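Asker: attaching a predicted model along with its sequence, questions to come.
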Amino acid sequence: MSRLIGIDLGTTNSCVAVMEGSEPVIIPNETGGRTTPSVVAFTKDGQRLVGQAAKRQAVTNPDRTISSIKREMGSDYRINIDGKRYSPQEISAMILQKLKEDAENYLGEPVTDAVITVPAYFTDSQRQATKDAGTIAGLNVQRIINEPTAAALAYGVDKEQSQKVMVYDLGGGTFDVSILEISNGVIEVLATAGNNRLGGDDFDTALTEYLAGEFRRDTGLDIHRDNAAYYRLREAAEKAKVELSGMLETQVNLPFLMSDKKGPRHLEATVTRAKFEQLTAHLVEATMGPVRQALADANLQPSGIAKTLLVGGSSRIPAVQNTIRKFMGKEPFKGINPDECVAMGASLQAGVLAGTVTGLLLIDVTPLSLGIETVGGVFSKIIDRNTTLPIKRSEIYTTAANFQTSVEVKVFQGERYMTSGNRLLGNFRLNGIRPALRGVPQIEVTFEIDTNGIVHVSARDLATGRQQEITITASSNLSQAEIDRAIRDAQQYSEEDKRRRAEADAQHEVDSLIYRAAAVSKKCTREDRKRLDEACSQLKKAVKSKDTSRIIAEEEELRRMLDTLDPAGNSGQGTF
C-alpha cells in the first residue's frame, strides 16, 4: 500500500498532510503554498487550471471559473462548460487530483490512498459524493472523518489529561461545532451540530453587497450586471475582511470598475471593523444556535468545556472570537493553526489506519437522525443523531393494508417529525410478503452506518425470509456508470496535462539550446558561427514540423556541436 495522506477538502482552500515519523507534516504545493485554493478554471483554449493559477485569472474569466463547489456536494447542481455538464463530484475530483499530484511530487512516489475530511453536519449523500470525488481522482478513500474531529486529533493526540473540548469550525462554506472528550488517547465525539450553508463566503457576500450598494448610490450603476466587475468587487471584499481582523479600518479602491456615458467609474470606500461587524452580526449569531444545540445534546454547560478550539479561516474574525469568549466565559484556544489542523488530523487518522500511529482511538457519531417513512408521511427514527459509530440497529414494522404483498421503504435523514421536512436518501421495494391481514406481517428494517458515516439499509419479511437491501450510494447523484466515465475523463485530463507539460519542457529545452548557441557563436570563428546558425535553423524547422524524432535528432546534433565548441558551458544543471 502507498503512503496514506490526509486531505482537508475545503470550500475556499484545501490542504494535504502526511505522517513523517510520528509527526504530521503539511505538504506544500508547487508554488510553496501550504494551502491550495479550491478553485477550478477552464481557459478558452481548453486548458484546465486548478488552485492558485485558477484563482489568479478569475477576474478576467469569471464565467469559466468555479469556486465554493463544496456547498453543492451531493446535489443535482451541474456546471456547463463548452457544452459539457460537470457535477460537483467531478470538480472536487480535479482539486483532489491536484493535491494528489502535489503529494506525489513531495514524496517522490505514487499516492493512491487517502483519508478525506468532511463537515460534521454533512448528510449521507454529501459524504458519499465526497467519496465518489476521491474515486474519480484516483484515490482509494480509506476513511471519511469529520473536520472538527480531525482538528481535535491534531490538538489532542499528545494530551494526557482527561478533558472535554468544543471545536468551533467556521470554514469558507460550512459551519460545524462538536463536543469531544479526550482521555488517554481516546477521542470520543459526544455531540455535533452545524449548518452546511454558513461560512466565510456569506461574510464576503454581506460586505460585497454593501459595497455594491454604495457604488450604485454614487454612480447609478448595478455591478451585478457585469460578472467581471462583480468578481473584482467580491475579491476586494474578501481581502478587506481579512485585513479587518488585524485593523480597525481598511480602504477598498477599485479603479475603472465599470463605465457609463461619463466614462470610467471608480470605487473608493473606507470600511471600518464596526461597519463590518454590523453587516455580519446575524451571521455570527447564526453560529450560536448549533453551539447551544451541541452543548444541550452533550448535557453540558459552557463551564464544563475545558477549551474551545477555533478552526477554519473565518474563526479569525474578531467578532466571532468575542462572541465565543462571552458565551463560553473563557478565552478560546488559538494554539493550533486553523487552516492546517484539519489536514494534520486527517493524516494522523491515516497513520492509525496504516499502523504507524498507535495508542489513538477515534470514536465518532452520526450528525443527523435516520429512519423511514411510515403511514401519513411520518418520520420514524431508527438511529438518533449523535449515536456513536459504527452502529447497527433494527426495528419491526408491519403492513398498513389487508393482504399487502409488498412495501416501499423510503429512507430519510433529518430531525423533522414529517418526512417532507427531511432529506430523502433513497428508496427500495420489498416484494413477496406473505398475504395477511393488516398488522400481521412482521418486517424487520435494519440500519447500519459504517465508520465513514455511509448508510446501509435492509428490510426482511420475518415470515418468508425474503430480504431486500440498499447501500445509499445513488443519493450522491452519480450512478456507477457516471463515476466510471468521470474516472476516464480525469485520467484523460491527467494524460493531457502530462502531454502539455512535456511539450513545455521540450520547448524550454529547445529555447535553452538556442540561447546557448547565440552566446557561444559570439566567441566562434565565422565558419563555426555559420554551422551553429544552420543547426539552430534546422531545430526551429523541426519544432514547427512537430516531428518528435526529428526534433530529438536536431537537438542532439546542436548539443554535440555546442559541447565541442564550448565544453565548459555544459554544466548539466537545470535552470529556473
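Answerer: Yep, that arrived.

Asker: who touches stretch 409-424?
Answerer: Stretch 409-424 is contacted from outside by 123-125, 368-373, 377-379, 385, 425-430, 445, 455, 457, 459, 468, 470, 472, 475, using Cβ atoms under 8 Å, 6 or more residues apart in numbering. (Each C-beta comes from the backbone N, C-alpha and C, glycine too.)

Asker: at 6 Å instead, please
Answerer: With contacts defined as Cβ atoms under 6 Å, 6 or more residues apart in numbering, stretch 409-424 is touched by 123-124, 368-370, 372-373, 377, 379, 425-428, 457, 459.

Asker: packing partners for the helix or strand containing Glu395?
Answerer: Element membership for Glu395, per DSSP states H and E: strand 391-397. With contacts taken as 3 or more Cβ pairs under 6 Å, 6 or more residues apart in numbering; DSSP states H and E, strand 391-397 sits against strand 378-383, strand 443-449.

Asker: for the ones you listed, give me TSV that also has mean pLDDT and mean neighbour count.
Answerer: Converted to TSV, the helices and strands packed on strand 391-397 look like this (pLDDT from 0 to 100; neighbours: other Cβ atoms under 10 Å):
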stretch	mean pLDDT	mean neighbour count
strand 378-383	92	18
strand 443-449	91	19
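
Asker: measure Glu415 to Arg531 for me?
Answerer: 82 Å (Cβ to Cβ, to the nearest Å).

Asker: the more surrounded of those two?
Answerer: Counting neighbours by other Cβ atoms under 10 Å for Glu415 and for Arg531 shows that Arg531 has the greater number, 16 against 13.

Asker: what segments of the stretch 301-450 of the chain are helices?
Answerer: Along the stretch 301-450 of the chain, the stretches classed as helices by DSSP state H, counting those that start in this stretch are 318-328, 341-354.

Asker: show me the shaky parts of the chain.
Answerer: Of all residues in the chain, those with pLDDT under 70 make up the ranges 1, 157-160, 470-484, 486-487, 490-502, 504-505, 568-576.

Asker: for the longest strand belonging to it, give me every contacting residue.
Answerer: Counting residues, the longest strand in the chain under DSSP state E turns out to be strand 249-260. For strand 249-260, contacts defined as Cβ under 6 Å, 6+ apart pick out 221, 226, 229, 232, 236, 240, 243-244, 264-272.

Asker: ok, now stretch 175-193?
Answerer: Residues contacting stretch 175-193 (Cβ under 6 Å, 6+ apart): 119-121, 148-149, 152, 156, 159, 162-169, 194-195, 198-199, 287, 290-291, 293-294, 297-298, 359-365, 367, 386.

Asker: just the buried ones from those?
Answerer: 119-121, 148-149, 152, 156, 159, 164-169, 194-195, 198-199, 287, 290-291, 293-294, 297-298, 360, 362, 364-365, 367, 386 (16 or more other Cβ atoms under 10 Å).

Asker: among these, which are in strands?
Answerer: Applying DSSP E to the buried ones among the contacts of stretch 175-193, the entries found in strands are Lys164, Val165, Met166, Val167, Tyr168, Asp169, Gly194, Asn195, Leu362.

Asker: could you work out the most separated pair of the residues you listed?
Answerer: Pairwise distances across those (Cβ to Cβ) peak at 23.6 Å, for the pair Asn195 and Leu362.

Asker: what are the buried residues along stretch 58-72?
Answerer: With burial defined by 16+ other Cβ under 10 Å, the residues of stretch 58-72 counted as buried are 58-59, 61-62, 64-72.

Asker: ok, stretch 241-253 next?
Answerer: Neighbour-count burial for stretch 241-253 [16+ other Cβ under 10 Å]: Lys241, Val242, Glu243, Leu244, Ser245, Thr250, Val252.

Asker: out of the ones in strands among the buried ones among the contacts of stretch 175-193, who's nearest Ile144?
Answerer: Ile144 has its nearest neighbour among these in Leu362, at 12.1 Å by Cβ to Cβ.

Asker: how about that closest one, what does it touch?
Answerer: Contacts of Leu362 (Cβ under 6 Å, 6+ apart): Ile187.

Asker: mind doing that once more with 10 Å?
Answerer: When contacts are counted by Cβ atoms under 10 Å, 6 or more residues apart in numbering, Leu362 touches 143, 145-146, 149-150, 152-153, 180, 185-189, 345, 348-349, 352, 389, 451.

Asker: Gly134 too?
Answerer: Gly134 sits next to 7, 9, 89, 92-93, 96-97, 100, 113-116, 140-142, 144 when contact means Cβ under 10 Å, 6+ apart.
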